[in-house]
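# give me the fold of what follows.
(one chain, ligands or ions: 1)
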Amino acid sequence: MKKLTAIAALPLLAAPAFAQVTGDAAAGESVFSQCQSCHVVENEAGEIVAGRNSRTGPNLYGVALRQAGSLDTYDRYSDSMVEAGEQGMVWDEANFVPYVQDPTGHLREVLDSRRARGAMSYRLRDEQEAYDVYAYLVSIGPELTEEQQGFLMDASEMPAGGDS
Ligand code: HEC
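Numbering: from 1, shown residues only. Okay, here's the model as predicted:
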């Protein structure tokens, strides 16, 4: 839970809207049941933290602030997702929330192309649920590295940050 405090505290210093985690992690846990048919949350030690080991979609462990489409262990990303990541899209709350409500629509907006198409065939209908499941994934994710904290602090100057 340490990392959650860190993320929640940083916006007070840096105040970029996208560095915030505003959802309710406890509520997000049950929202994740809508994701687990395709996504697992598996940590570096290979322990399944959430989900039922489905690999249809990428592992969502550490998805917060990860560059979109960048996971080595997943080889079925759409071209649009990889391109969005290469253009600097990271999974901050501001990208995550609209994406899970309309995956292809969000990629079209980010890439400014009506031909963009995402591979995730699921839409979360409720916006609050999107905020909550993001907070949940942050809460069960890894502790923030110094680099990530630096990213949060400098986010307004380096939107293409993050690691890969
Ligand atoms: C029907 C299967 C399916 C369901 C259900 C699903 N996803 Fe996905 N998800 C995918 C696939 C496939 C991708 C890869 C998309 C692409 O490459 O365009 C993906 C990608 C993602 C990504 C991008 C990850 C990365 O590494 O860049 C996030 C974030 C995400 N999903 C969140 C969610 C959340 C949250 C839910 C539940 C509300 C959910 N997904 C439900 C199949 C699914």
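# ok, now which ones touch Val63?
Contacts for Val63 (Cβ atoms under 8 Å, 6 or more residues apart in numbering) come out as Trp91, Phe96, Leu137, Gly141. Quick note: C-beta positions are derived from backbone N, CA and C, even for glycine.
# can you pick the most crowded of the residues you listed?
Leu137 (28 neighbours; other Cβ atoms under 10 Å).
# can you tell me the SS state at that one?
Secondary structure, DSSP: H, G, I helix; E, B strand; the rest coil: Leu137 is helix.
# what about it, distance to Asp112?
Distance, Leu137 to Asp112, by Cβ to Cβ, to the nearest Å: 27 Å.
# repeat that for Tyr122.
Counting by Cβ to Cβ, the gap from Tyr122 to Asp112 is 24 Å.
# what parts of this protein come near the ligand?
34-35, 37-39, 56-58, 63, 68-69, 71, 77-78, 81, 91, 96, 100, 118-122, 124, 133 (Cβ under 6 Å from any ligand atom).
# quick one: buried ones out of these?
Buried by 16 or more other Cβ atoms under 10 Å: 34-35, 38-39, 57-58, 63, 68-69, 71, 77-78, 81, 91, 96, 100, 118-120, 124, 133, out of the residues of the chain next to the ligand.
# spatially central residue in the chain, please.
Computing the C-alpha centroid of the chain and ranking residues by Cα atoms, centre = their mean puts Trp91 first, at 3.7 Å.
# how about that one, what does it touch?
With Cβ under 8 Å, 6+ apart, Trp91 has these contacts: Val63, Ala64, Leu65, Arg66, Ala68.
# which residue is the nearest non-sequential neighbour of Leu71?
Pro58 (4.8 Å; Cβ to Cβ, 6 or more residues apart in numbering).
# isn't there a strand covering Glu83?
No. Counting by three-state DSSP, Glu83 is not part of a strand but helix.
# that one: neighbouring residues, count only.
There are 18 residues near Glu83, going by other Cβ under 10 Å.
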